[in-house]
Each structure stands twice: as C-alpha cells, then as structure tokens.
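Colleague: Give me the fold of what follows.
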Amino acid sequence: MNAQETHEGKGMHEIHMKRALELAQSAMGHTSPNPMVGCVAVREGCVVAEGCHEEYGGFHAERNALAGCGEEVRGADLYVTLEPCCHHGKTPPCTDIIIEKGIGRVFVGALDPNPKVAGNGVRILREHGIEVTVGILEEECMRLNEIFFHYITSGAPYVAMKYAMTLDGKIAAFTGDSKWVTGEKAREHVQLLRKKYSAIMAGVDTVIADDPMLNCRMWNGVDPVRIICDTHLRIPLESRIVQTAKEIPTMVACAAQTVEQPNVSKGGTKEELLREAGVEVIRLDADDHVPLADLFCELGKRKIDSVLAEGGGTIHGSLLRTGLVNRVYAYIAPKLIGGKEAKSPIEGSGFAKMDEARQLSDIEIISLERDFCITGRLSGRNETI
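Modeller: Numbers count the residues shown, from 1 in each chain. The predicted structure is shown next:
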C-alpha cells in the first residue's frame, strides 16, 4: 500500500468512526452507568449495518447493529467506539456475535478499562483470526466516555461543577435576584448537561431561596436523580422537589446526628414525612455538615456514575477544597452588576495563595449567542475519594 492509499484509508476509517461516535452520542442520558457506544459495519465501501447501545440493560451496540444481518456483513469492516465486551453480563458478549457473523476486520476507538474486558475483547477477536486495529479517533472516543472511564476505574461518580455568573463574577444581585444571569441559549445548553449527568446536586439554601425543580426540560431529556445537601433537614415539605419526589428520584443527605422532633400537626418526624413523600434520606456520619466524599462513595454504590453540582457557592467551595471536582462548566454573561454583598459562585475560605489555585486543562470555549461557556478538566484534584 503506497502513501496515498494509506492516507485515503485513514481518512475513511475516521469518517466511519465519526459516524459511530454520532450513533453513540444519540443515546446520551439513557445508558448510565454503562458507556455510550456506537457501531458501524462497512463492506466494499458501503455502510451495511449500524447501531448503538440504546439503554442500560439493553443489547450493546455491536449486537444491535449485527443481530438482524446475514451474508451482507460477512467479511465486513466493523467500526466500534469502545472495545467489544467479552463477558456475560445483562447481555451476551459482543465478541460472540462479531465472530458468528464473520466480520473480517474490527477498528476500535478506545480500549475498555473495565477489568472484565481490558484488552481481552481484542485478544479474543485476534485469536479467531479477525484483524483488529485500536486507536481510531481514540481521543474523541475517550472524551465521549470520560464519565464511564472515571467511574469504572474508581467506583466514584464523575463530578462536574456548573455555575452562571456575570462578567464581574456574581451569580445574583445583592438582593438575591438571579433570573436570569444568562440568556436562553445558555440555559438550553444547561439542559443538555442535566441530560448527560446521572444526578444533580444542590444545597438546601438554594432550594429554600429558589424552589427549583432541578429536572431536565428537553423534549427527549432524562431527569437526573436530585440530591440535596441538607445537614439539618431544613428542606420545606412544600418545596417542588419534595412534592415531585415520587415522580423524579430524590435524595436528601443529612448529618447522622440530626435529631428531628415529631411534627404533631403532620403526624411524624421530618425524616418520616420526607420518606412518605418519596424522598430517600441518606444519613452520613457527621454532626455539622454533609461529608461530600462519604456522600459520593454512597452514590457510587448506588450506580450513580456522575453528578452535576449546581450550587450554591458553599457546596462549590467545599467541592473545590476537598478536590472532588473533575470538570467545570462556567457560563459567563457580558453583564456587570457589582455589589459587595452579591454572591459569587465559589465561597468558603478559599485558597491563601494564587499559586494554590486549581487550574483547568483541555479548555473549550463555547459561544452561546451573547454568553460563553468555559469548560475544562480540573487539574490538581484527588484521583480517589
């Protein structure tokens, strides 16, 4: 193969892998805690089958693409964003159907870090005479599943911190008014995040001040699990979050030492009344705060692979100090509001020196009409909880 043919072949491989990535991303919000995976089968330059992992518990991408196919895929090239699985779980191994259908070559975006796979899928295919190439658009494939990669290797949720602020760093006016810091386009982008992340976290002060729903308002969205940090169980029973807890999974994390006296008029303690409303109350071993590291460990055990922290400033400050944030989404509006008492997005004691500041890497700047979103991975964080 000459250099021209090699270049053209690489280009075609990337085109087909990009299509596989599109298919994978189409299921965003539905596969957690599994990864998003797309698959495309190509024979003689034509796409003959394609599919994705559509939902948790359902068939994986390779089986969805190939199950209904016959001779049209024999000898075909298969492009898959993540290494095919080789173990029995909720569904049969993907390596089985690839071998059964007589696929000729397999092009893999990224290896699966799951210890049950971790290169074994590639090894099995090669042992059956199938040529396997790894690393087609590897960076893009890994970025697509950064949540899965973190969760499967650590057992802890991937944590993203999101806030919207004015150009002078305020999330509300000194009066507390915060509607709206950013415009409609930026708020629509936030709904994509609420679809992407499995859970959304806020503090009880945010609930008391704003009475939010913390749901996903996209037509094809998936509501995240709502997690409220509430040391002393101050969340109002009349809040929209409590009132809709039987419709949207809701957790309230409090200190184990919190003691609630029975509410005679309502017939129970605050915890009993919350549970009756459908709220799961998580008591953690502390007396004057919610220990976030312990909370994330509990969430990981419940197969919650990712958390979008939406405030307020107290929780953001605690997350930053304890090194629990993996990614930041900062929405910035070209407005100046001022005010010494106006709140900022990250509070708490902060760091004493500028060289202690946490740095973002792999930065992306997204234009959202008049507003901007700056996102990046947070360096200098603890890798384990």
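Colleague: residue ranges for the helices of the chain, please.
Modeller: 3-25, 61-66, 94-100, 120-127, 138-144, 146-154, 184-196, 204-210, 240-243, 270-276, 292-301, 313-321 (DSSP state H).
Colleague: Point out the most buried one among those.
Modeller: Highest mean neighbour count among these (mean count of other CB atoms under 10 Å): helix 61-66, with a mean of 26. In short, each C-beta sits where N, CA and C put it, glycine included.
Colleague: average pLDDT for stretch 118-132?
Modeller: When pLDDT is averaged over stretch 118-132, the result is 93.
Colleague: do the same with stretch 154-164
Modeller: On average, stretch 154-164 scores 96.
Colleague: Show me how far that stretch is from its chain's centre.
Modeller: 7 Å (CA atoms, centre = their mean, to the nearest Å).
Colleague: gap between stretch 286-296 and the chain center?
Modeller: So, by CA atoms, centre = their mean, the centroid of stretch 286-296 is 22 Å from its chain's centroid.
Colleague: how much space is there between the residue nearest to Asn215 when sequence neighbours are not counted and Ser198?
Modeller: With sequence-adjacent residues excluded and distances taken as CB to CB, 6 or more residues apart in numbering, Asn215 is closest to Asp223, at 4.7 Å. Distance check for Asp223 against Ser198: by CB to CB, to the nearest Å, it reads 10 Å.
Colleague: Trp180 now?
Modeller: 26 Å.
Colleague: Between those two, which has more neighbouring residues?
Modeller: For Trp180 versus Ser198, the count of surrounding residues by other CB atoms under 10 Å is larger for Ser198: 23 against 11.
Colleague: pLDDT at the more buried one, what is it?
Modeller: 96.
Colleague: So it is in contact with Gly300, correct?
Modeller: No: using CB atoms under 8 Å, Ser198 is not in contact with Gly300, being 10.7 Å away.
Colleague: Common neighbours of those two, please.
Modeller: Both Ser198 and Gly300 are in contact with Pro157, where contact means CB atoms under 8 Å, 6 or more residues apart in numbering.
Colleague: Report the rounded mean pLDDT for stretch 241-255.
Modeller: Averaging pLDDT along stretch 241-255 yields 96.
Colleague: same deal with stretch 64-84?
Modeller: For stretch 64-84, the per-residue pLDDT averages 94.
Colleague: For it, buried residues please.
Modeller: By 16 or more other CB atoms under 10 Å, the buried positions in stretch 64-84 come out as 64-66, 73, 76-84.
Colleague: From those residues, which land in strands?
Modeller: Cross-referencing the buried residues of stretch 64-84 against strands under DSSP state E gives Asp77, Leu78, Tyr79, Val80, Thr81, Leu82.
Colleague: Let me have those residues in CSV, adding distance to Val190 as columns.
Modeller: As requested, those are arranged in CSV below (distance: CB to CB, whole Å):
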residue, distance to Val190
Asp77, 39
Leu78, 36
Tyr79, 32
Val80, 31
Thr81, 26
Leu82, 27
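Colleague: Among those residues, which one lies nearest to Phe107?
Modeller: Proximity of those to Phe107 (CB to CB) peaks at Tyr79, which lies at 4.8 Å.
Colleague: Let me see the contact set for the closest one.
Modeller: His13, His16, Met17, Arg19, Ala20, Cys39, Val40, Ala41, Val42, Phe107, Gly109, Ile136.
Colleague: of the residues you listed, closest to Ser306?
Modeller: Among the contacts of Tyr79, and counting by CB to CB, the member closest to Ser306 is Gly109, at 20.3 Å.
Colleague: How about that closest one: what's its closest non-neighbour residue?
Modeller: Nearest one to Gly109, counting by CB to CB, 6+ apart, is Cys141 at 3.1 Å.
Colleague: So the one you found sits against Leu21, correct?
Modeller: Yes: using CB under 8 Å, Cys141 is in contact with Leu21, at 6.8 Å.
Colleague: Overlap in contacts, the two.
Modeller: With CB under 8 Å, 6+ apart, Cys141 and Leu21 have common neighbours Thr81, Gly109.
Colleague: re earlier: out of the helices of the chain, nearest to Phe372?
Modeller: Here helix 184-196 is closest among the helices of the chain (CB to CB), at 8.3 Å.
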